[in-house]
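> predicted model, plus sequence, below.
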Amino acid sequence: MIEHDVIAQATPMPILVAPQAVLRQKTRLVRPEDMDGLRTIIPRMFAAMYQAPGIGLAAPQVGLGMRFAIVDVSDKDGPRNPIVLINPEVIAETDSMAAREEGCLSLPNQYAEVVRPEAVRVRYQDMEGKVQELEADDLLATCLQHEIDHLEGILFVDHLSTLKRNMIMRRLAKEQRQKH
Ligand code: NI
């Protein structure tokens, strides 16, 4: 479990914006000896995600080539529900697909409708190393698939046509140039 006051006191980690090479690399599995470091980093990732605000953040987005991500799709007016997914994988998915608008903290201000399996079952380890399974539909299903994609070096724009992807990437590059 992640304590809320630990997140509140953590310094938000900077979030990398595409095109950063690390966002395109497949991550390696988290090993038991990585966990001490992750206990410091993960609250800082939550702090960055809540500040953004966003509903998911994967390790490559903060420059780490390791297979883990965090999500929280709770209502912003209700209690938070932070979930840490260590070495997550989709172990089952529905044949039925659903389209949902997606964005990404590494592609700020860019949104597009992405078609993915409507529901998934994800297996992962929690912070205590215990194997967990999570069945998700709706927003959480989209979010989990989006974050697990990140761990393979895949961005949501990769699910779009080349034309649409290039358009978004050009627009992002232009907006980033104007910002700096
Ligand atoms: Ni993302």
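On my side now, so go ahead.
> give me the number of residues near Asp34?
Residues within reach of Asp34, counting by other Cβ atoms under 10 Å, total 17. All C-beta atoms are positioned from the backbone trio N, CA, C, and that covers glycine.
> and what of Glu135?
11.
> what's it sitting at in phi/psi?
The phi/psi pair for Glu135 (degrees, to the nearest 10) reads phi -100, psi 130.
> so where's this structure uncertain?
1 (pLDDT under 70).
> which stretches in it count as helices?
Remark: helices assigned in the chain by DSSP state H are 4-9, 35-51, 138-150, 162-179.
> show me what counts as buried in the shortest one.
I take that to be helix 4-9. Going by neighbour count (16 or more other Cβ atoms under 10 Å), the buried part of helix 4-9 is 6-7.
> quick one: distance of that helix to the chain centre.
20 Å (Cα atoms, centre = their mean, to the nearest Å).
> so which of the helices of the chain gets nearest Gly103?
Gly103 sits nearest to helix 138-150 of all these, at 9.4 Å, using Cβ to Cβ.
> buried ones in the closest one?
In helix 138-150, counting by 16+ other Cβ under 10 Å, buried: 140-150.
> and it, how far from the chain's centre?
The answer for helix 138-150 is 7 Å, by Cα atoms, centre = their mean.
> who touches that helix?
23, 55-61, 69-71, 73, 85, 88-90, 98, 100, 102, 104, 114, 116-120, 122, 134, 136, 155-156, 158 (Cβ atoms under 8 Å, 6 or more residues apart in numbering).
> any of the residues you listed buried? List them.
Neighbour-count burial (16+ other Cβ under 10 Å) is assigned, among the contacts of helix 138-150, to 23, 55-61, 69-71, 73, 85, 88, 90, 102, 104, 114, 116-120, 122, 134, 136, 155-156.
> so which of the residues you listed are in strands?
Among the buried ones among the contacts of helix 138-150, the residues falling in strands (DSSP state E) are 56-58, 69-71, 85, 88, 90, 102, 104, 114, 116-117, 120, 122, 134, 136.
> would you mind measuring from the spatially most distant residue from the centre of the chain to Leu155?
Distance from the C-alpha centroid of the chain peaks at Gln178, with 25.9 Å (Cα atoms, centre = their mean). To Leu155, Gln178 is 21 Å away according to Cβ to Cβ, to the nearest Å.
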